[in-house]
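A.B. asks: I would like the atomic coordinates for the input below:
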Amino acid sequence: MMGTIEKPRAVIRLMCLVATLTAVALAPGRTDAEGQPPDTEERSLAVYVGHSIVVDAPWPVARAAVTTPETADIQVLTSTSILVQGKAVGSTDLILWSEKEDIWRARVDVQVDLGQLQASLREYFPYSDLRLTTTQGVVVVEGGLRRAEHAAQLREILDATELTYVDKTHVSGIQQVQLRVRIAEVSRQALRLLGINAVITGSDAFIGSVPGSSGGGPLNPISIGVPAGTPMARILPFQFTQNMNVSSAVTLFGGFPNVALEVFIQALAENQYLRVLAEPTIIALSGEEASFLAGGEFPVPIVQGSSAGGGTSITVEYKEFGVRLRFLPTVLGDGRIRLHVAPEVSQTSSLNAVTIEGFEIPSLLTRRAETTLELNSGQTFAMAGLISRSENARSSRVPGLGDLPILGALFRSVRYQRDETDLVVMVTVSFVEPLSTGEDISDLPVPGSLHTAPNDWEFYAMGRLAGQTPVRLSEAQSAWLSETGLNRLRGAGAWATYDQAPAQSHLPTPRSSMPPEKQMPRNEESKGVAVETRLPP
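C.D. replies: Just a heads-up that it's a prediction; the model follows:
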């Protein structure tokens with residue numbers, strides 16, 4: 001009985017299983033989510049940024065989507081055609097669904113059209129050698145640019161494309177610039193003046209003529225004239241005593257006690273000549289500012305605090321003076337250099353000096369220029385200049401008496417001054433390179449290395465500060481000195497003594513690769529950083 005019962009149950013189970021399999025086999029197609037095997041075929045599509053492609057579906061499309069809308073955009077054209085447009089560099093997945101929920105997948109790689117971009121860059125920079133590559137969505141730009149300003153323009157173009165890029169370009173050619181500034185000034189001054197002050201006293205009267213100093217400063221001594229409080233009925237005393245202080249403006253004075261006469265005369269004819277020559281040299285990298293100062297500092301007392309607070313303090317600040325140079329070079333390519341230069345030469349002067357609590361603060365005489373210009377390598381440009389001519393005349397007189405011929409000179413003070421100034425500032429720029437690592441620089445002379453001490457005869461008898469015969473230089477050393485401009489130094493520690501001819505006469509003539517018509521003329525002036533002031537004997 002037990003087996004009979006179990007047999008019908010087994011048959012029933014088998015029949016149910018067959019019915020289920022038959023129903024599944026006869027059911028319509030379903031998606032992989034409902035039991036269909038997924039679409040595992042690997043498909044890849046490529047599209048450039050800003051371009052589009054058309055994708056044909058294997059069946060009518062019910063839905064379409066991309067996983068990264070920022071990278072690509074899609075548009076359904078027909079039931080079986082999809083438009084894919086690249087928006088940004090990257091990758092995304094394109095998924096299509098049919099009405100029966102079938103799925104079609106493809107990998108879309110959005111890339112940069114390097115050919116078109118390189119053609120555009122070649123149009124903007126026709127003489128540059130640029131190469132573009134891409135790796136993991138990053139554009140690498142390599143090659144050489146002909147002009148330094150092209151580097152900034154290239155970055156602006158790449159930034160406008162909104163690409164992720166790495167700039168590995170370089171500017172071809174030498175990027176170190178040497179600047180040589182020559183500041184030369186000649187100033188002349190001619191001065192003529194005459195002033196006469198006199199006082200005569202007697203037993204019954206006194207008279208004087210004091211038109212003042214023709215130079216503007218004090219002319220009369222402190223005790224000239226009538227002392228304050230002297231009664232008019234008394235005889236006026238003669239004031240010329242041995243303790244009398246005479247002003248430094250007086251050039252001639254005298255007195256006659258018998259006639260009680262004091263005369264103070266200021267008569268001066270003065271000529272001044274001033275020559276300033278400064279030639280600083282400095283080297284800087286393109287795009288970097290460089291500065292140079294050869295001079296010193298002088299103290300300036302600064303009063304701090306106020307009397308209302310009950311106390312003051314004095315601090316000291318230092319002001320710089322000397323030869324200063326500041327410049328910013330930019331290599332433009334094709335041998336052109338854009339230069340922002342600001343040379344300055346200043347020196348202390350007692351003119352317009354200020355005295356504070358017995359401490360004299362000098363003023364500064366300054367020659368300064370600042371400008372921006374473009375030059376070719378090796379060119380010289382006169383960037384600034386000044387020609388100044390001024391005449392100043394002044395006359396002080398006693399009305400009527402000062403207009404008399406001959407005798408009128410006793411009653412007037414006259415001054416005539418003429419100033420002339422000629423100033424020029426010239427700049428020379430050139431590309432320079434450092435010495436190679438293989439060159440031996442141990443034997444290259446430097447200022448002072450060729451100085452020879454004078455012997456006793458040269459020092460005591462001849463008054464020489466250096467030996468009479470300087471050390472001879474080789475042809476290579478002479479060529480190096482000529483290139484650096486040090487071959488024109490003079491004096492102790494240079495290449496010749498003070499009273500010898502310029503140093504070129506002791507050096508072999510260096511060979512030059514420049515044609516004769518392009519060589520710089522020989523100049524006998526002192527080279528280097530110097531401020532030279534000469535007065536005529």
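A.B. asks: low-confidence ranges in the stretch 1-150 of the chain?
C.D. replies: 1-40 (pLDDT under 70).
A.B. asks: Domain map for this protein?
C.D. replies: Under the assignment the TED database, the domains of the chain span 41-109, 112-171, 271-404+417-429, 439-486.
A.B. asks: Please identify which of those domains is closest to R182.
C.D. replies: domain 271-404+417-429 (4.6 Å; C-beta to C-beta). C-beta here means a position set from N, CA and C on the backbone, and glycine is covered the same way.
A.B. asks: Distance across that closest one, terminal residue to terminal residue?
C.D. replies: 38 Å (C-alpha to C-alpha, to the nearest Å).
A.B. asks: contacting residues for A62?
C.D. replies: W97, S98, E99 (C-beta atoms under 8 Å, 6 or more residues apart in numbering).
A.B. asks: Columns secondary structure and distance to A184 on top of those, output as TSV?
C.D. replies: Compiled in TSV, the contacts of A62 are given as follows (DSSP: H, G, I helix; E, B strand; the rest coil; distance: C-beta to C-beta, whole Å):
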residue	secondary structure	distance to A184
W97	strand	87
S98	strand	91
E99	coil	94
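A.B. asks: what would the residues you listed look like in CSV with distance to V429 and neighbour count?
C.D. replies: CSV is the format used below for those (distance: C-beta to C-beta, whole Å; neighbours: other C-beta atoms under 10 Å):
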residue, distance to V429, neighbour count
W97, 70, 17
S98, 74, 17
E99, 77, 11
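A.B. asks: Can you tell me which of those residues is closest to P58?
C.D. replies: For the contacts of A62, the nearest to P58 is S98 (8.3 Å; C-beta to C-beta).
A.B. asks: That closest one bridge partners, please.
C.D. replies: V61 (DSSP bridges).
A.B. asks: close enough to count as contact, it and V61?
C.D. replies: Yes: counting by C-beta atoms under 8 Å, V61 is a contact partner of S98 at 6.7 Å.
A.B. asks: Tell me the residues that contact both of these two, please.
C.D. replies: With C-beta under 8 Å, 6+ apart, S98 and V61 have no common neighbours.
A.B. asks: ok so, going back, now distance to E360 too, for the contacts of A62, in a markdown table please.
C.D. replies: Shown next, in a markdown table, are those (distance: C-beta to C-beta, whole Å):
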| residue | distance to E360 |
| --- | --- |
| W97 | 97 |
| S98 | 101 |
| E99 | 104 |
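A.B. asks: Strands of the stretch 1-150 of the chain, residue ranges please.
C.D. replies: Using DSSP state E, counting those that start in this stretch, the strands of the stretch 1-150 of the chain run over 44-48, 52-56, 61-66, 72-76, 81-86, 90-98, 103-111, 129-135, 138-145.
A.B. asks: scratch that, the stretch 151-300 of the chain
C.D. replies: Using DSSP E, counting those that start in this stretch, strands in the stretch 151-300 of the chain cover 165-171, 176-201, 206-209, 252-256, 261-278, 281-285, 290-306.
A.B. asks: between these, which one is nearest to A72?
C.D. replies: Of all the strands of the stretch 151-300 of the chain, strand 165-171 sits nearest to A72, with 20.4 Å by C-beta to C-beta.
A.B. asks: To E344, which of the strands of the stretch 1-150 of the chain lies closest?
C.D. replies: Per C-beta to C-beta, nearest to E344 of the strands of the stretch 1-150 of the chain: strand 138-145, 34.4 Å.
A.B. asks: Give me the contact list for the closest one.
C.D. replies: Contacts for strand 138-145 (C-beta under 8 Å, 6+ apart): 89, 112, 114, 117, 125, 128-134, 151, 154, 158, 163-172, 333.
A.B. asks: Strand partners (parallel or antiparallel) of that strand?
C.D. replies: strand 129-135 (antiparallel), strand 165-171 (parallel).
A.B. asks: Could you provide these in JSON lines, with additional columns for mean neighbour count and distance to S396?
C.D. replies: As requested, those are arranged in JSON lines below (neighbours: other C-beta atoms under 10 Å; distance: least, C-beta to C-beta, whole Å):
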{"stretch": "strand 129-135", "mean neighbour count": "14", "distance to S396": "78"}
{"stretch": "strand 165-171", "mean neighbour count": "15", "distance to S396": "68"}
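A.B. asks: Include distance to I53 when you put those into CSV, please.
C.D. replies: CSV is the format used below for these (distance: least, C-beta to C-beta, whole Å):
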stretch, distance to I53
strand 129-135, 19
strand 165-171, 24
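A.B. asks: Any stretches of the stretch 201-350 of the chain with poor pLDDT?
C.D. replies: 201-207, 210-266, 305-311.
A.B. asks: could you pull out the helices for this structure?
C.D. replies: Listed in chain order, the helices of the chain (DSSP state H) span 2-26, 114-124, 149-160, 456, 475-484.
A.B. asks: follow-up on the earlier one: of the strands of the stretch 151-300 of the chain, which is nearest A369?
C.D. replies: Among these, strand 176-201 comes nearest to A369, with 8.4 Å by C-beta to C-beta.
A.B. asks: which of the residues in that closest one are buried?
C.D. replies: Using 16 or more other C-beta atoms under 10 Å as the test for burial, strand 176-201 gives 176-185, 187, 191-201.
A.B. asks: can you redo the strands of the stretch 151-300 of the chain as TSV with distance to F431?
C.D. replies: Shown next, in TSV, are those (distance: least, C-beta to C-beta, whole Å):
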stretch	distance to F431
strand 165-171	12
strand 176-201	6
strand 206-209	71
strand 252-256	63
strand 261-278	24
strand 281-285	10
strand 290-306	15
